[in-house]
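Q: I need the structure of the sequence given here:
(chains A and B)
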There are 2 protein chains.
Amino acid sequence: MHMVDLIARKRDGGTLETAEINWLITNYTQGNIPDYQMSAWAMAVLMTSMTLRETIDLSLAMARSGTMLDLSDIAPIVGDKHSTGGVGDKTTLLLCPMVAAVGLPIAKMSGRGLSFTGGTIDKLESIPGFRADLPTDLFRHVFREVGLVVASQTEDLAPADKQLYALRDVTATVQSTPLIAASVMSKKIAAGANCIVLDVKYGSGAFMRTLDDARLLTQTMVGVGQSCNRKVTGVISSMEQPLGRAIGNALEVREAIEGLHGEGPTDLVDLCRELGSRLLVLADKAESYEHATALLDEVLQSGAALEKFRQMVLYQGGSVGVITRPERLPQAPVVAPVSARTGGYVAAIDAQALGLAVGALGGGRARKGDTIDHRVGLVLEAKVGDAVEAGAPLLFIHAASDADARRVEQRLLDAYTISAEQVPPPPLIADVVEY
Amino acid sequence: MHMVDLIARKRDGGTLETAEINWLITNYTQGNIPDYQMSAWAMAVLMTSMTLRETIDLSLAMARSGTMLDLSDIAPIVGDKHSTGGVGDKTTLLLCPMVAAVGLPIAKMSGRGLSFTGGTIDKLESIPGFRADLPTDLFRHVFREVGLVVASQTEDLAPADKQLYALRDVTATVQSTPLIAASVMSKKIAAGANCIVLDVKYGSGAFMRTLDDARLLTQTMVGVGQSCNRKVTGVISSMEQPLGRAIGNALEVREAIEGLHGEGPTDLVDLCRELGSRLLVLADKAESYEHATALLDEVLQSGAALEKFRQMVLYQGGSVGVITRPERLPQAPVVAPVSARTGGYVAAIDAQALGLAVGALGGGRARKGDTIDHRVGLVLEAKVGDAVEAGAPLLFIHAASDADARRVEQRLLDAYTISAEQVPPPPLIADVVEY
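A: From the prediction side, this is the model:
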């Protein structure tokens, strides 16, 4: 087998055999295929795509490049959830305790934030003492004891994907539906869950800008999961405006805790009910979607979901005091309002611009390894469809300094579109791709 | 400037500015841009193409990556010729002495053979003692004294092209019209000629398989030349069957010398008259195409072209005895006929198959640095349109051993298509793209 032939085949729109994809991933991870061939191959794939069968093969080959976690000795059915990333997306923090409280154990490995989107691990690390970096035995221990664990991806989780993703990141080959699908699914397949709900976001604050792109990605990932004996349902949700009101690590943890107290923003709670119900039905933990929703509402009202979250934080070394007293979470010294210049209705909010502003405040990272300020972020006062008066606050900036706040003020103002007519907010759930 | 942005721009079908292309080539040759980014960029360019302006910029940037040869102190007008490569293509050996004998000095840097095509330098090195590897001062000396020099490309001729071509070769990014055009033209621009005739070959024995592909490449190269103050005419010629009758290094030199004696095969001589006339008109060395052709015929008949060749061989250290006694060229010990199985007419000859067979006999190289056997090759007895009788020879194999000859016999037979009806040979000149 010659790598140059495999590149040429993809360049010319052909397909690779299973054995060829296995050969390619094995030799790439062993260092026998140089990066310059792999990046040319990735660009050819980006331009000509891959069949579902190729995408499945690539997902499996990358999953098998590291340890395949097996949790079946602890629980026969293990749930997992993945979001393609958005702005203000603290869904995991609320959803996973809810589902686990109903009785589906959740073992989740998460990533850190990159570019304009936040990452669950960064958010959890706002909690003093919280340990996300768990060795496998500790990961298994927390999962066994609590039935819920959220940790950062281990070094040995699909290392081929890590290597390929790092290369794609610097060669403009990220935006390929089959490569994104294989990257996500390789990690999900290797992480040990057998029931998975995918939250695929589209819109101004997501990597997928259009509903069509999001639908194709969702169908691909669900197809990959099915072929690998995973039950997968994909929910396509709007990221045309930020989810909830808080953006920024500690602020989002606070909003999630409020949600667990039954006081979360409607869109966030609705999304968690949708995703959670789909996951419970997949795992046969509910008789129907409606039944699942009722079970989720129950664990929110009873405090069982909050208690599940508290236990996870406790077992992962975090200060559980923040759960009853969220003011103990790190707080920014400066809180500055951004006020509407004219009255009217909020017609649109550029979610990506808000995400980038949080990054500029120090709450995100431009590149891997950057340190972040968990305190900073934004809290939205007005969302799409809301009436605003001239001079009334649209949002509040939580910043490390006055200068920092002033630096992002104008771009935040620009991110809001105010119109004379009221515009209804975009529907939250656009489509569901069922298993 | 970020390389990842330039890759993304080409991926999305955008164009790069002149300054961006200069930045890219400068930083690639300085080692600041890694191969894995350059190969992704090359694949993106292959898939989405480049504008003529971008191709011109790339050609110039690569030309300027090394020394730009200036021969204007020796001759105000300098001619050059380039072929995109074919099978049995010894045109340079005949054409350049003819044109130089008419009075247009020729300074040509040539390549070595690769894959199924031969290279002028390999052919010339069949002549005992011939030195192709000339330092610049010697190159200039031969040019001044003889008005004709053919040498291998210096290390410092468009080094960016060398580096990029080596990368393209192993990343399946060779087959891009703008990249091929820029590769050729960067070297032509750096090599000091101001009048250039391009022989762009298409067909089974050429890199460009279709006339349309060849036309686009020709138009691009002529366009690049014009923008760089070079007079360039492109001739598109058929390589549907080998040129002349000889394929293989020493055998081709012998055929070229026979041509200089006025006894060359018609197609080879016709092509040299076409290319030579175009070049002489470009350089204002003839009043018209017809006048130029008459001048070329004259130097063939008078022996002036032969004498020009003799002088060049002499100045470049070669044994001039081979010119009067071609039997002194290296000769293969075995000459074996391949005979027609059935009678009829030759309808087609797979030129690439013949070129590869010569490689298999030891007369070509599979990779850079391979040594080659100058003696071996093929001499065609029958060409397209010729009548053949069953049992009569189609061609002769010149091999190092009987076993070598037998090993290629069947594939040579397969390369010939014999039909009951006579088929006219394909027209030699398909099109001309004039300056």
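Q: distance of A:Phe207 from chain B?
A: 14 Å (CB to the nearest CB, to the nearest Å). The C-beta positions use only the backbone N, C-alpha and C, and glycine is treated the same way.
Q: same check, this time on A:Gly262
A: 45 Å.
Q: so that residue, which of the three states?
A: coil (DSSP: H, G, I helix; E, B strand; the rest coil).
Q: what's near enough to touch the residue of the stretch 201-350 of chain A found nearest chain B?
A: Nearest residue of the stretch 201-350 of chain A to chain B (CB to the nearest CB) works out as A:Arg209 at 13.0 Å. Contact analysis of A:Arg209 by CB atoms under 8 Å, 6 or more residues apart in numbering or on different chains lists A:202-203.
Q: ok, it to A:Ala294 distance?
A: Distance, A:Arg209 to A:Ala294, using CB to CB, to the nearest Å: 35 Å.
Q: Also A:Leu124?
A: 28 Å.
Q: residues near A:Glu155, how many?
A: By other CB atoms under 10 Å in any protein chain shown, the residues close to A:Glu155 number 10.
Q: likewise A:Ala181?
A: For A:Ala181, using other CB under 10 Å, the count is 27.
Q: got it, and the one 10 residues further on?
A: By other CB under 10 Å, 24 other residues sit near A:Ala191.
Q: Which pLDDT value belongs to the closest residue to it other than its chain neighbours?
A: Using CB to CB, 6 or more residues apart in numbering or on different chains and skipping the chain neighbours, the partner closest in space to A:Ala191 is A:Met109 (5.0 Å). Turning to A:Met109, the model gives it a pLDDT of 95.
Q: what bridges to A:Met109?
A: According to DSSP bridges, the residues that bridge with A:Met109 are A:Ala151.
Q: Enumerate every residue touching it.
A: Counted by CB under 8 Å, 6+ apart, A:Met109 has contacts A:150-154, A:157, A:187, A:191.
Q: Highest neighbour count among those residues?
A: Counting by other CB under 10 Å, top hit in the contacts of A:Met109: A:Val150 with 27 neighbours.
Q: Does that residue touch A:Cys96 like I think?
A: Yes: the pair A:Val150 and A:Cys96 passes the contact test of CB atoms under 8 Å, sitting 6.3 Å apart.
Q: which residues are common contacts for these two?
A: A:106, A:108.
Q: buried stuff in the helix or strand containing A:Leu395?
A: Counting by DSSP states H and E, the element that carries A:Leu395 is strand A:393-399. Buried residues in strand A:393-399, counted by 16 or more other CB atoms under 10 Å in any protein chain shown: A:394-399.
Q: what do you get for stretch A:254-265?
A: Applying 16+ other CB under 10 Å to stretch A:254-265 flags A:254-260, A:264-265 as buried.
Q: Show me which residues of chain A sit near chain B.
A: For chain A, the residues in contact with chain B (CB under 8 Å from any CB of the partner chain) are A:3-5, A:7-8, A:11, A:34-40, A:42-44, A:46-48, A:167, A:169-173.
Q: Out of these, which sit inside helices?
A: A:3-5, A:7-8, A:11, A:35-40, A:42-44, A:46-48, A:167, A:169 (DSSP state H).
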